[in-house]
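# below: sequence and its predicted model.
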Amino acid sequence: MAMQDDVLQELKNQLGTSTGALKANLGKLRTGRANVAILDDVRVDYYGVPTPLNQCASMQVADARLIVVKPYDKQLLTSIEKAIMAADVGITPQSDGDVIRLPIPGLTEDRRKDLVKQAKHRGEDARIAMRNHRRDANEMLKELEKDKDISQDDLKRSLEKVQAELDRGIAKVDEMIGVKEKEILEI
C-alpha cells in the first residue's frame, strides 16, 4: 500500500506547488490597490549587479493607493526609478530626494475586464498544470499495477483518490480566481 501512497503524496505536493504559483501570479496583478507584490520582478542595477528591489530598499504600503519605496542607499534613488520604469508595472515613480512614491491609479472598466481575463487565464494555466500532474500520477499507478506491485482493486481505489485530490485542487483554484475577480471588480 505504501507505493500508491507515495504517488498520492507526490501528487498533493505538486498540486500545492501549482496553487502556490497561482497565488504568486495573482498577487502580481494590479488591482487598483497598493500591493508591494507588483514590484517583485523589479531588478535594480546595484553597482553593476541586477538586484531585487526588496534587497536594496524598504517598501511599504502607505495607504490604499500609495506605495513608498525608501532606498537603503540614497545614491540608488535614480537607479530605482529607472528600474521601476523599465519593469513596466504601469506606475510612474515620483521622487522627492529621500523616498520614491508610487501612486496607484484607479482602474477603468475596460482595464478591470482585461485584468479579470488575465486572472482567469492564469487560473486555467494552473488547472492545466494540475491535470498534467494527475496524468503523471495515473501513469505511475498503472505502471505499478502492470509490474504487479499493486492489485487492480488498489489501482482503482488509488485512481479515485487521485481524482478526488485533483477535484480539491481545482476547487481551490476556482476559489482563488473568484476572490481575485471580486477584488479587481471592486470599485
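Perfect, thanks for sending it.

# determine the longest helix present in this structure.
Longest helix of the chain, by residue count under DSSP state H: helix 109-146.

# and the helices in the protein?
2-27, 53-56, 77-87, 109-146, 152-185.

# for these, which one sits closest to residue 64?
helix 152-185 (12.2 Å; C-beta to C-beta). Heads up, the C-betas are built off the backbone N, CA and C, glycines and all.

# got the angle for the closest one vs helix 109-146?
170 degrees (axes from the mean of the first three to the mean of the last three C-alpha atoms, to 10 degrees).

# tilt between helix 152-185 and helix 2-27?
Comparing the axes of helix 152-185 and helix 2-27 via the same axes, to 10 degrees yields an angle of 10 degrees.

# give the other helices and strands that the longest helix of the chain contacts.
helix 2-27, helix 152-185 (3 or more C-beta pairs under 8 Å, 6 or more residues apart in numbering; DSSP states H and E).

# quick check: mean pLDDT of it?
Averaging pLDDT along helix 109-146 yields 92.

# figure out how far it is from the centre of its chain.
From the chain centre to the centre of helix 109-146 is a distance of 13 Å (C-alpha atoms, centre = their mean, to the nearest Å).

# buried sites along it?
112, 115-116, 118-119, 122-123, 126-127, 129-130, 133-134, 137-138, 140-141, 144-145 (16 or more other C-beta atoms under 10 Å).

# low pLDDT regions in this structure?
The model of the chain has pLDDT under 70 over residues 1, 30-32, 187.

# do you know how far the residue located most distally from the centre of it is from residue 2?
Going by C-alpha atoms, centre = their mean, the residue of the chain most distant from its centre is residue 148, 40.2 Å out. Look at residue 148 and residue 2: by C-beta to C-beta, to the nearest Å, they are 15 Å apart.

# now swap in residue 84 and tell me
52 Å.

# more crowded one of the two?
residue 84 (22 against 8; other C-beta atoms under 10 Å).

# quick check: closest non-adjacent residue to that one.
residue 93 (4.8 Å; C-beta to C-beta, 6 or more residues apart in numbering).

# so that neighbour sits against residue 101, correct?
Yes - counting by C-beta atoms under 8 Å, residue 93 does reach residue 101; the two are 7.3 Å apart.

# what about the closest residue to residue 83 other than its chain neighbours, neighbour count?
Closest residue in space to residue 83, ignoring its immediate chain neighbours: residue 44 at 4.4 Å, by C-beta to C-beta, 6+ apart. If you count neighbours by other C-beta under 10 Å, residue 44 ends up with 23.
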